[in-house]
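# just coords:
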């Protein structure tokens, strides 16, 4: 198993094409709803994305280099996930009396994206990763994973090339260390609480951003460097309609 070495705020990265919406009562200007009082508008998503684009556009090219096309290092789907995650993690942390520490490494996180630490997406990403980690660390005596949960983990790792050819589920499960088991159990416990909260708030996500998953435990494929979720919370009904990132 490509073991989990760090909790990461992962998102399924996709690039979409513009289309109208009519499903699920979603109006084109709405990206998501979290409870009756929180609406995430497409206008808010666009303004954040435009802010990042402007920051990158205003940079001077390196000496001797010519200015190339500006590429924002995240999609609108990533951004909507980050906004929804921050709301849900914040609410869950408040319920569990888990504080957000001070002195967060915004600049360090921003460097991963080639962005400054005060970029809105970077701040969301950083706070989500830290809250996710804090919530996981706060779990005590989690229930061991069920076989169905373990099979989902196995399938996710296998689909991303993290299982050696010829390794079946039984062999995979037998290779898990106590550290692996603890990490999985804690992440699954947080997922259970997160899904219960999302259900209570009746979280809805526009079909434009489906499928919609919030990553809770990530691993990195040591061969490819790709990070992906092995434990994730799926929110909303998958009635996907694509959307394009346009500057």
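Nice, thanks for sending it over. Fair warning: this is a prediction, and the values are worked out from it, not measured in the lab.
# all strands for the protein, in order.
Assigned by DSSP state E, the strands in the chain fall at 30-34, 38-41, 204-205, 213-220, 227-234.
# Reformat those strands as TSV; add mean pLDDT.
Below are these laid out as TSV (pLDDT from 0 to 100):
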stretch	mean pLDDT
strand 30-34	93
strand 38-41	93
strand 204-205	92
strand 213-220	89
strand 227-234	89
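# Quick one: closest of these to residue 76.
Proximity to residue 76 (CB to CB) singles out strand 30-34 among the strands of the chain, at 8.0 Å. (C-beta placed from N, C-alpha, C; glycine too.)
# residues making contact with that closest one?
By CB atoms under 8 Å, 6 or more residues apart in numbering, the residues outside strand 30-34 that reach it are 39-42, 44-45, 80, 83-84, 87-88, 201-206, 208-209.
# returning to what we had before: residue 134: which of the strands of the chain is closest?
Nearest of the strands of the chain (CB to CB): strand 213-220, 12.6 Å.
# strands paired with the closest one, and their directions?
Using DSSP bridges, the strands paired with strand 213-220 are strand 227-234 (antiparallel).
# buried ones in the strand it pairs with?
Burial within strand 227-234, assessed by neighbour count using 16 or more other CB atoms under 10 Å, is assigned to 228, 229, 230, 231, 232, 233.
# out of those residues, who's nearest residue 164?
Checking the buried residues of strand 227-234 one by one against residue 164 (CB to CB), the nearest turns out to be residue 230, at 16.1 Å.
# Assess the claim that the closest one and residue 156 are in contact.
Yes: with contact defined as CB atoms under 8 Å, residue 230 and residue 156 form a contacting pair (5.0 Å).
# mind listing what residue 205 touches?
Taking CB under 8 Å, 6+ apart as the criterion, residue 205 is in contact with 31, 32, 80, 84, 212, 235, 236.
# Sounds good, over and out.
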